[in-house]
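Visitor: no sequence on this one, just coordinates:
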């Protein structure tokens, strides 16, 4: 079984949660696909720095969940969710 692994960031700043607008014009938490042999925490820091301009972070693992598409069981994903305080 192959899973796509996504890193999801719950970025909290001044009591507010950061949402980004996707290509579909819907808002969601920032996320990225984990590449190859990268360590999740290193990839998370790179994503926050390069895509959001956030360099100083305190991160903590929040949850890990997996999903299988009910219409196509070959589509599986794991979401690694971090809380991020800046």
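Guide: Everything's here; your move. In this text, all values refer to a predicted model and were calculated from it rather than measured experimentally.
Visitor: quick one: which helix or strand includes the residue of the chain most remote from its centre?
Guide: Most distant from the centre of the chain: residue 71, at 23.5 Å, with distances by CA atoms, centre = their mean. Assigned by DSSP states H and E, residue 71 belongs to neither a helix nor a strand.
Visitor: Check what pLDDT it gets.
Guide: In the prediction, the pLDDT value recorded for residue 71 is 93.
Visitor: Could I get the contacting residues of it?
Guide: Not one residue lies near residue 71 by CB atoms under 8 Å, 6 or more residues apart in numbering. Placement of C-beta: from N, CA and C, glycine included.
Visitor: Relative to residue 77, how far out is it?
Guide: Look at residue 71 and residue 77: by CB to CB, to the nearest Å, they are 14 Å apart.
Visitor: Give the buried residues for the helix or strand bottoming out on mean pLDDT in the chain.
Guide: Ranked by mean pLDDT, DSSP states H and E, the helix or strand of the chain with the weakest confidence is helix 40-52, at a mean of 87. Across helix 40-52, burial judged by 16 or more other CB atoms under 10 Å covers 43, 44, 45, 47, 48, 52.
Visitor: picking up where we left off before, please state the backbone phi and psi of the residue farthest from the centre of the chain?
Guide: phi -90, psi -20 (degrees, to the nearest 10).
Visitor: show me where pLDDT drops low in this protein?
Guide: The model of the chain has pLDDT under 70 over residues 1, 86.
Visitor: switch the cut-off to 90
Guide: Counting by pLDDT under 90, the chain has low-confidence residues at 1-3, 12-15, 22, 32, 35-59, 73-74, 84-86.
Visitor: For it, just list every one of the strands.
Guide: Using DSSP state E, the strands found in the chain span residues 4-13, 16-17, 20-21, 27-28, 31-33, 58-68, 76-85.
Visitor: Let me have these in a markdown table, extended by mean neighbour count and distance to residue 39.
Guide: Putting those into a markdown table (neighbours: other CB atoms under 10 Å; distance: least, CB to CB, whole Å) gives the following:
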| stretch | mean neighbour count | distance to residue 39 |
| --- | --- | --- |
| strand 4-13 | 18 | 11 |
| strand 16-17 | 9 | 25 |
| strand 20-21 | 12 | 23 |
| strand 27-28 | 10 | 24 |
| strand 31-33 | 15 | 13 |
| strand 58-68 | 12 | 12 |
| strand 76-85 | 16 | 11 |
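Visitor: All set, thanks.
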